[in-house]
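[1] let me see the structure of the following:
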Amino acid sequence: TVFYKSIVTEVASARPGVLELMDEAIANPHIACGICSAATKEGFEKVVNSVVGPDRLSRLDVVMAGDDVTRKKPDPLIYNLAREKIGLSNDKCVVIEDSIVGLKAAK
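    Just a heads-up that it's a prediction; the model follows:
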């Protein structure tokens, strides 16, 4: 809706330090960086394009939304698929989350 779009573009922002952390990870060739969101692709794309920005988003190694998986967080499927896409084992991954459900999925 028009109201939702205006909230996303005018009000939504990243949590403190998140974009700087992403930029450092993206700049380091030894670190793979991605986003795994439980949101639908349509809602996710609006928010992420506004908050993260299309340039930064295009430099990520993996981007997945809730529509990409058959089981939602707290099931770990989205993280496992993202990890497989970038070819890393569990012990080489770090998840930064903003919800308890997401932390349970990352466990």
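
[2] from here on, contacts and neighbour counts on C-alpha atoms
    Noted.

[3] OK, contacts around the residue lying closest to R59 once chain neighbours are set aside?
    With CA to CA, 6 or more residues apart in numbering as the criterion, R59 has its nearest non-adjacent residue at 6.9 Å, and that residue is I26. By CA atoms under 8 Å, 6 or more residues apart in numbering, I26 lies in contact with 32-33, 59-60.

[4] for I26, give me the pLDDT.
    The model reports I26 with a pLDDT of 97.

[5] please, which helix or strand holds it?
    Secondary structure from DSSP states H and E places I26 in helix 18-27.

[6] what comes up buried for that helix?
    19, 22, 25-26 (16 or more other CA atoms under 10 Å).

[7] just the strands from the protein, written as ranges.
    In the chain, the strands defined using DSSP state E lie at 34-36, 62-64.

[8] of the ones you listed, which stretch is the most buried?
    Of all the strands of the chain, strand 34-36 has the most neighbours on average by mean count of other CA atoms under 10 Å, namely a mean of 20.

[9] Provide the strand pairings for that one, with the direction of each partner.
    With DSSP bridges as the test, strand 34-36 is paired with strand 62-64 (parallel).

[10] sorry, back to before: what would the strands of the chain look like in JSON lines with distance to S89?
    Supplementary listing: the strands of the chain in JSON lines, determined by distance: least, CA to CA, whole Å:
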{"stretch": "strand 34-36", "distance to S89": "15"}
{"stretch": "strand 62-64", "distance to S89": "15"}
